[in-house]
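>>> sequence below, structure please.
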Amino acid sequence: MLTSKLLIFKLGNGKYACNTVCVDRIIKYENLTYLPSTQPTLEGLYNHEGNVIKIYSLAKRLGIESDDDRTHKKIIIVKNNDVLVGIVVDEVLEVFNYNKEDFDKKIDVKNSENLKGLDFKYVKDMILINNEIVIYLSISRIVEMELEEN
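This next block holds a predicted model:
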């Protein structure tokens, strides 16, 4: 049985997840250099061990109301096609070890009559973990969209 790991994090009132394979590290939300007149999702630049990394607001990309309080905010540094990019989340909650069979229930987002009309271009799956909906995001699609627009 193949086990994978999901990084579970909070954004607005929801719980989201990404596969830990794409995660390089998690850092505090601090020391960003802000740029005027840039794409609204670009939060700023961060010097990461001599490399300048673009930091994006995941909440703005997904159209989610996010908490302005930066106390618990984290930057998840992800790697996509050898490019490091940071995404801001409200709070990192846990790393969840799972087997696909372990999910309480996988929600069929593509064929559910109740979810018709919703945009799932950044969503891989919706899953129930401990009876809570967790939206499993495609970080590669999100990063590709950010890099195309900036």
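>>> only C-alpha atoms for contact and neighbour calcs from this point on.
OK.
>>> immediately after the helix or strand bottoming out on mean pLDDT in the chain, which helix or strand?
Scoring the helices and strands of the chain by mean pLDDT, DSSP states H and E places strand 105-107 at the bottom, with a mean of 57. Next along the chain after strand 105-107, taking DSSP states H and E as the criterion, comes strand 123-129.
>>> restrict that following strand to CA atoms and write it as PDB.
Provided in PDB are the C-alpha atoms of strand 123-129 (Å, rounded to 0.1, in the frame of the first residue of the first chain):
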ATOM      1  CA  VAL A 123      -8.400  21.600  -7.500                       C
ATOM      2  CA  LYS A 124      -7.100  18.000  -7.800                       C
ATOM      3  CA  ASP A 125      -9.700  16.500  -5.300                       C
ATOM      4  CA  MET A 126     -12.000  17.300  -2.500                       C
ATOM      5  CA  ILE A 127     -11.600  14.900   0.400                       C
ATOM      6  CA  LEU A 128     -13.100  14.300   3.800                       C
ATOM      7  CA  ILE A 129     -10.600  14.000   6.600                       C
END
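>>> show me what counts as buried in that strand.
Using 16 or more other CA atoms under 10 Å as the test for burial, strand 123-129 gives 123-127.
>>> make CSV out of those and add distance to His72 and pLDDT.
Formatted as CSV, those follow (distance: CA to CA, whole Å; pLDDT from 0 to 100):
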residue, distance to His72, pLDDT
Val123, 24, 82
Lys124, 26, 82
Asp125, 26, 79
Met126, 25, 80
Ile127, 24, 81
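>>> closest one of those to Arg141?
Using CA to CA, Val123 is the member of these that lies nearest Arg141, at 9.0 Å.
>>> so what's the closest one closest to, chain neighbours aside?
Leu137 (4.5 Å; CA to CA, 6 or more residues apart in numbering).
>>> over to Arg141?
Tyr122 (6.1 Å).
>>> what's the burial count for the one you found?
For Tyr122, the count of nearby residues is 18 (other CA atoms under 10 Å).
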